[in-house]
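Student: Here's my sequence, what's the structure:
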Amino acid sequence: IPANPVEVKEARSKPVPKEKELPTTEALSAIVEHTTGRYKLAVALCLFMGLRIGEALALTRNNLINVGTQDEPRWVVQVRGNLQRVQDEDGHSYMQWQEPKTQAGRRDVPVFDWFNGVVADHLEHYSPARGADYLTQTSAGKPVMDTALRNTMDKARRAAGVEDNITPHYGRNWLITHLAESGA
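Tutor: Okay, here's the model as predicted:
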């Protein structure tokens, strides 16, 4: 065929990238503050430590390590996998653990000291009994669906009075900018 016979006018125009405003530290902090206790740590890890939502949900108790002391903890999360939403043959969605796609997906991420209280509260009230269990679980001990965490975060955003539509991925933008401004 000497030329493409399909003529789609819309295919010629370049998509216009969406303008994203960098969320403020205050807006992100307000969202974390208004998040339900069980999900507060996962939301903080997404919004401030730059974890993808599937990475935060895939963390087990064994992936939360104190590299400091009991009196002065310095928490690190070991990202070693991802929980991905998939469907079974009947069309029911569930979360399935997967290896990281690249070696860069396996990393140790320090938790900002100002979240030590969130970590302590999570460990005291919501931490699973077994170290191999997911760190963030439903009240029934099941893996949290990504959609449920997004809904919880959006509800917290509205309760905090934050009008911007902030998703978990905005935390990656905030972190990169924060690190660059700090000289990284």
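Student: what are the ranges of the helices in the protein?
Tutor: Counting by DSSP state H, one finds helices in the chain at the ranges 9-12, 25-33, 37-49, 53-58, 116-125, 146-159, 170-181.
Student: For the last one, buried residues please.
Tutor: It refers to helix 170-181. By neighbour count on 16 or more other C-beta atoms under 10 Å, the buried set for helix 170-181 is Y170, G171, W174, L175, H178. C-beta: built from backbone N, CA, C; applies to glycine.
Student: What is the nearest of those to D133?
Tutor: Taking C-beta to C-beta as the measure, G171 is the one of these closest to D133, at 24.3 Å.
Student: dump the residue contacts of the closest residue to that closest one other than its chain neighbours.
Tutor: Leaving out its chain neighbours, the residue that sits closest to G171 by C-beta to C-beta, 6 or more residues apart in numbering is L47, at 3.8 Å. Shown in contact with L47 (C-beta atoms under 8 Å, 6 or more residues apart in numbering): P23, L28, I31, V32, I166, P168, Y170, G171, W174.
Student: Would you confirm that the first one contacts R172?
Tutor: Okay, so that is P23. No. Here P23 lies out of contact with R172, judged by C-beta atoms under 8 Å, at a distance of 10.9 Å.
Student: any common contacting residues for the two?
Tutor: Counting by C-beta under 8 Å, 6+ apart, P23 and R172 have no contacts in common.
Student: Now for L135: which residues touch it?
Tutor: Counting by C-beta under 8 Å, 6+ apart, L135 has contacts L41, A42, L59, T60, R61, N63, L64, H122, S127, P128.
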